[in-house]
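A.B. asks: My questions concern the predicted model and sequence given below.
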Amino acid sequence: MLLGIDVGGTHTDAVLIGPGGVVACAKLRTNHDDLLASIREALAGIVAVAGPGAVTRLNLSTTLSTNAIVEGTADPVGVLVSGGPGIDPEAYRMGRFYHVLPGAIDHRGRETAPIDLDAAREVIAGWQAAGVAVHAAVTKFSTRHPDQELALKALLDGRSDHVSLGHAFSGRLGFGRRIATACLNSAVWRVYNRFCDAVERSVAELGIAPDVINVLKADGGTMPLAVSRSHPVQSILSGPAASVMGIIAVCDITEDSIILDVGGTTTDIAVFAAGAPLIENEGIAIAGRPTLVRALRTRSIGVGGDSAITVSCEAVRVGPRRLGPPMALGGPVPTLVDALNVQNVIAVGDPRASYEGLAAAAATATACHFDPGEVAEAAILNAVNQIREEVAAFVREINDRPVYTIFELLEGRQVRPTRVYVMGGPAMALSALLQDAFSEEVVVPESFAVANAIGAALARPTFSVELFADTAAGRLTIPALGIARPVADNYSPAAAEGEAATRLREYLAAIGAGDNGDAPIETVELSSFPMVEGGELVGHNIRVACQVRPGVPEAWKKAVSQPC
Amino acid sequence: MLKARNSLGIVFFPAFDWAISPTHPERQERLLYTQDQLREEGVFDIAGITELKPDLATETDVARVHFCFPDVAAVTTSSHMISAGGAIRAARTVLEKEAKKAFALVRPPGHHAMKVVHGARGFCNINIEAVMIEWLREHFGPLRVAIVDTDCHHGDGTQDVYWHDPDTLFISLHQDGRTLYPGTGYPYELGGPRALGKTVNIPLPPGTSDEGFLFTMREVVAPLLEDFKPDLVVNSAGQDNHFSDPITDMAFSAQGYARLTELLNADIAVLEGGYAIQGALPYVNLGLVLSMAGLDYSHVREPGFNPEAVRQSAKVTGYIEEVCRDTLKLARNPKAPDKGEIVAGWFTRRKTLYYDTDAITEYQTESVRMCDHCRGVLKFETESTRNPLCLGVEAPIGACEHCVSEAYRLYESGQIKGEYRHLQLIDRVGKNYASYTG
């Protein structure tokens, strides 16, 4: 049976799923100061019901790396970069220990200036004296030619606890993103690995012996815990992913759809095209820094159950700030939950506190003589309208995304959602109102309360690789797999597509994430450009991207699906 | 993190599935390395820089500008409509104040496409800047527009489209026509009788480097822009003045282009030529983008670039100073059109045009009515190795009542006479674009 634990901002949810459906579940408040304690408690809750022997796989989402980065408690990282022509690499500085070395690689992967290893040695020695123990090495266009990064790694070996190399995270371009990704990876490496050790100990102590422990990623997929130890940055911001994967599992989504996850502070919006969640084109940003970490394409607005209500004669507005829990639960200011309480849509805590709070808020707009009911109605309407407008803008943005071929511009697929799935605490309360606001059909899945844990439990491993072949230069790289080899001049796009898929499948099998070889591998990009020099065809520039996209294996979907 | 000082919209459309022919300079690969460089630099992650999707230009957008014979569809493909639509999207972004500036990094180019179109010349079918500017004028009202063409080739198409338009200042900097296609663009080409001095040509000698281009910008372009006081400055941003360009002989660098862009301070840039796709375009385009956005571009230089090795000679410097002095004087005191004659109240010139890309020869008679109330109705009688005699008539923006009715009279009597195969009418006053096939 599969065990999923989703450590969220407010709650930690756990669920155990067998071939017949959900066997056990647990919900408790997250202890932010001790995430491990929350996980142990959730594990214990499940084991108490189902016993330790039943668990064959444990999937876990954790906010540990995210918290360490956002709260700035991660390690200082020695970052070595070489830039060459372009934007001044100082623009991408990460922390105090950041050094730009001479050296350059051009867009085709040709070394146009050698890296200065003597300078690097000196810098590393200085950092060592300052106590820097983890490092990152990143060069521009290293995805096309990783040798300079590898040379820096060779220098650092023996002098560093962990070295993150830029090209190892993705084959996608983006020097600044690559720097941030490698640097953050090293920054959280130590704290993350300690956490992994503790998780493994706790699992053993409880007598659970799963075949594999996986960690959830922001793209809605998982990676084995063992892999995550060297790529901890891939575990950041996986929060929304668990919920989205939960909806995929519970409801059999095949059409273009919208997912709304209405929480306490925000509403998260995700979009499905033909049943698959859309992925961010480049990567997710954390602490204001864009990275190469793949993530579901989501958007968040500051409208949730705890969002504060502000009243003026012109408008009643919900959010974007949260100033505490609803007044019904002893909070300081009226919130959306209080408005729903007053309108008798829900019954939470002390309804009288809600009423009095809204009455006081109404009284601040003295000239207009609102009664609490009017304020509550206007607040709910405002919340629903904000959500509707944000969804429309999001879909417009998706359909207006840049494309680079005439075919795509003229024939490109447009997303046209036909259903809106709503989940999260206030989901049921808002569903009728959302149905009024949306022309699409609004659906509230029944087991929405633990859908996130179901999503965590059932998500399959994902991975993506980019292959880049330049037959004129006779070079091929698959950066994320550390492959760089010569290539013959008759290498074809079909061969490239085959090689990318094969290498991806081999890699998944090697890390024990192959799902017995039945993980669906799809090609998401395949292009081949004839390269001409001096009027002569000199080779082909071939680019392939393939992936195992996020999803839930069909067999397990059957176990938990229900009419939605 | 970087933040643009000027918000900038970039329409990047490399048409990765379109080529004139497999080894033609206008092929799929042309903007591949530029895209790689811009993405690797993280240009689209810079706060204030937005990537935009092109609009699709309509046949009306083209028919508002050009007389296309036999019709728009016959001389264009989707690639041209997207390229022109990309320019429109860039311009719309600026006029609607979504961004302060915009750059249409699109292909194919357009500045060799003239008023009358029988096919492709110099890799161009329709003039994407003209389609863009006339779209703007149709939707935002009259605008004084300056077009500064910094492509290495003379922008003969844009010059032809705006030859009689006193509200459009066209300035072209290019390699001297005695040494390069299309062989035109001399200082004495100054515009038609009602728009004298609104066309300005600055032919530069082969070997001109950063210093010569920047001198020309400061000494001729800047003062003329100051005189003209445009509402909008458009840069036809060709990049083939680069020292490594395979089909030209100039010595301009990425740093030079970025500096020129800063001096020009254009609202909208539209990519034109530039065929050193590996050694120049990635760096020149990056320099342009950073410069337009008001960001530091001092680290943008070609690998192994040595300014001393390509610096212009003293002789070239002296020659450029002379050309600039003469050009400025001529542009400010134009005497008379260099070619053409007035017959019965019409100013008429005859042109023989060669379409190198499609191997077409065109014979054309262009006439403008010497009206005292407006810039005058325009008439084009044209035949080519592809089309028998055709007629184009235009009542321009601001045409007087008499000229508008004269335009309709010419168009209708042409149909009755039966000597023309295809007839087209552009009525900018009534926004009517009609065609008729006899």
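C.D. replies: Arrived safely.

A.B. asks: Once you drop chain neighbours, what's closest to the residue of the stretch 301-438 of chain B found nearest chain A?
C.D. replies: Closest to chain A within the stretch 301-438 of chain B is B:Pro303: 3.6 Å, counting by CB to the nearest CB. (Each C-beta comes from the backbone N, C-alpha and C, glycine too.) Once flanking residues are discounted, B:Pro303 sits nearest to A:Thr112: 3.6 Å by CB to CB, 6 or more residues apart in numbering or on different chains.

A.B. asks: Please name the strands paired to the host helix or strand of that neighbour in the sheet, noting orientation.
C.D. replies: Using DSSP states H and E, the element containing A:Thr112 is strand A:111-113. When pairing is defined by DSSP bridges, strand A:111-113 lines up against strand A:104-105 (antiparallel).

A.B. asks: Quick check: residues of the stretch 51-200 of chain B near chain A?
C.D. replies: By CB under 8 Å from any CB of the partner chain, the residues of the stretch 51-200 of chain B that approach chain A are B:Glu51, B:Leu52, B:Lys53, B:Pro54, B:Leu56, B:Ser78, B:Ser79, B:Ile82.

A.B. asks: in the chain, which ranges drop under the pLDDT threshold?
C.D. replies: Looking at chain A here, since you left the chain open. A:447-449, A:515-518 (pLDDT under 70).

A.B. asks: and it, what are its domains?
C.D. replies: A:2-70+A:191-242, A:77-184, A:254-439, A:463-548 (automatic domain parsing).

A.B. asks: try chain B
C.D. replies: Looking at automatic domain parsing, the domains of chain B come to B:3-332, B:341-437.

A.B. asks: tell me the mean pLDDT for the longest one?
C.D. replies: Mean pLDDT, computed over domain B:3-332, is 96.

A.B. asks: start to end distance for it?
C.D. replies: Using CA to CA, to the nearest Å, the end-to-end distance of domain B:3-332 comes to 40 Å.

A.B. asks: and what of the shortest one?
C.D. replies: Between the opening and closing residues of domain B:341-437 we find a distance of 30 Å, counting by CA to CA.

A.B. asks: how far is it from where the chain is centred?
C.D. replies: 21 Å (CA atoms, centre = their mean, to the nearest Å).

A.B. asks: in a helix, that's where A:Arg543 is, yeah?
C.D. replies: No - going by DSSP: H, G, I helix; E, B strand; the rest coil, the assignment for A:Arg543 is strand, not a helix.

A.B. asks: Just say helix, strand or coil for the residue nearest to it when sequence neighbours are not counted.
C.D. replies: Spatial nearest neighbour of A:Arg543, excluding adjacent residues (CB to CB, 6+ apart): A:Ser527 at 5.1 Å. Assigned with three-state DSSP, A:Ser527 falls in the strand class.

A.B. asks: so where does the residue of the stretch 301-438 of chain B closest to chain A fall, helix or strand?
C.D. replies: Using DSSP H and E, B:Pro303 falls outside every helix and strand.

A.B. asks: what about it, distance to A:Pro89?
C.D. replies: For B:Pro303, the distance to A:Pro89 equals 16 Å [CB to CB, to the nearest Å].

A.B. asks: Distance-wise, check the residue most central in space within chain B relative to B:Lys100.
C.D. replies: Nearest residue to the geometric centre of chain B (CA atoms, centre = their mean): B:His111, 3.9 Å. Using CB to CB, one obtains 24 Å as the distance from B:His111 to B:Lys100.

A.B. asks: cool, A:Ile387 as well?
C.D. replies: For A:Ile387 relative to B:Lys100 (CB to CB), the value is 32 Å.

A.B. asks: For these two, indicate the residue with more neighbours.
C.D. replies: A:Ile387 (25 against 18; other CB atoms under 10 Å in any protein chain shown).

A.B. asks: the strands in the stretch 301-438 of chain B, which residues?
C.D. replies: B:341-343, B:346-355, B:360-369, B:378-384, B:390-395, B:422-427, B:432-437 (DSSP state E, counting those that start in this stretch).

A.B. asks: thinking again about what came up before, can you give me the buried ones in the strand holding A:Thr112?
C.D. replies: A:Glu111, A:Ala113 (16 or more other CB atoms under 10 Å in any protein chain shown).

A.B. asks: residue of the stretch 301-450 of chain A with the smallest distance to chain B?
C.D. replies: For the stretch 301-450 of chain A, CB to the nearest CB, closest residue to chain B: A:Thr405, 4.2 Å.

A.B. asks: Around the nearest residue to that residue once chain neighbours are set aside, count how many other residues there are.
C.D. replies: Nearest residue to A:Thr405 in three dimensions, chain neighbours excluded: B:Asp17, at 4.2 Å (CB to CB, 6+ apart). Residues lying near B:Asp17 (other CB under 10 Å) number 15.

A.B. asks: Just to check, B:Asp17 is in contact with A:Ile406?
C.D. replies: Yes - applying CB atoms under 8 Å, one finds B:Asp17 in contact with A:Ile406, separated by 5.4 Å.

A.B. asks: okay, and the common contacts of the two?
C.D. replies: Both B:Asp17 and A:Ile406 lack any common contact, where contact means CB atoms under 8 Å, 6 or more residues apart in numbering or on different chains.

A.B. asks: was I right about the residue nearest to A:Arg543 contacting A:His540?
C.D. replies: No - with contact defined as CB under 8 Å, A:Ser527 does not reach A:His540; the gap is 9.9 Å.

A.B. asks: I figured the residue of the stretch 301-450 of chain A closest to chain B hits B:Phe16, correct?
C.D. replies: Yes - using CB under 8 Å, A:Thr405 is in contact with B:Phe16, at 4.8 Å.

A.B. asks: tell me the phi and psi of the residue nearest to A:Leu278 when sequence neighbours are not counted?
C.D. replies: Excluding its sequence neighbours, the residue lying closest to A:Leu278 (CB to CB, 6+ apart) is A:Arg297, at 4.2 Å. Main-chain torsions, A:Arg297, degrees, to the nearest 10: phi -80, psi 100.

A.B. asks: got the contact list for A:Ala182?
C.D. replies: With CB under 8 Å, 6+ apart, A:Ala182 has these contacts: A:Val79, A:Ala136, A:Ala137, A:Val138, A:Ser164, A:Leu165, A:Gly166, A:Ala168, A:Phe169.

A.B. asks: helix, strand or coil for it?
C.D. replies: helix.

A.B. asks: From chain B, how far out is it?
C.D. replies: 14 Å (CB to the nearest CB, to the nearest Å).

A.B. asks: Close to chain B: what parts of the stretch 1-150 of chain A are there?
C.D. replies: A:83-88, A:91-92, A:104, A:106-108, A:112-113, A:140-141.

A.B. asks: at 7 Å instead, please
C.D. replies: Proximity of the stretch 1-150 of chain A to chain B (CB under 7 Å from any CB of the partner chain) is limited to residues A:Pro85, A:Gly86, A:Ile87, A:Asp88, A:Ala91, A:Ala104, A:Asp106, A:His107, A:Arg108, A:Thr112, A:Lys140, A:Phe141.

A.B. asks: who wins for neighbours among these?
C.D. replies: Neighbour max across the residues of the stretch 1-150 of chain A next to chain B (other CB under 10 Å) = A:Lys140, 30 neighbours.

A.B. asks: how about the nearest residue to it, chain neighbours excluded?
C.D. replies: A:Lys140 sits nearest to A:Phe175 (CB to CB, 6+ apart), 4.8 Å away.

A.B. asks: wait, doesn't the one you found sit right on B:Glu40?
C.D. replies: Yes - shown here, A:Phe175 and B:Glu40 form a contact pair, counting by CB atoms under 7 Å, at 5.3 Å.
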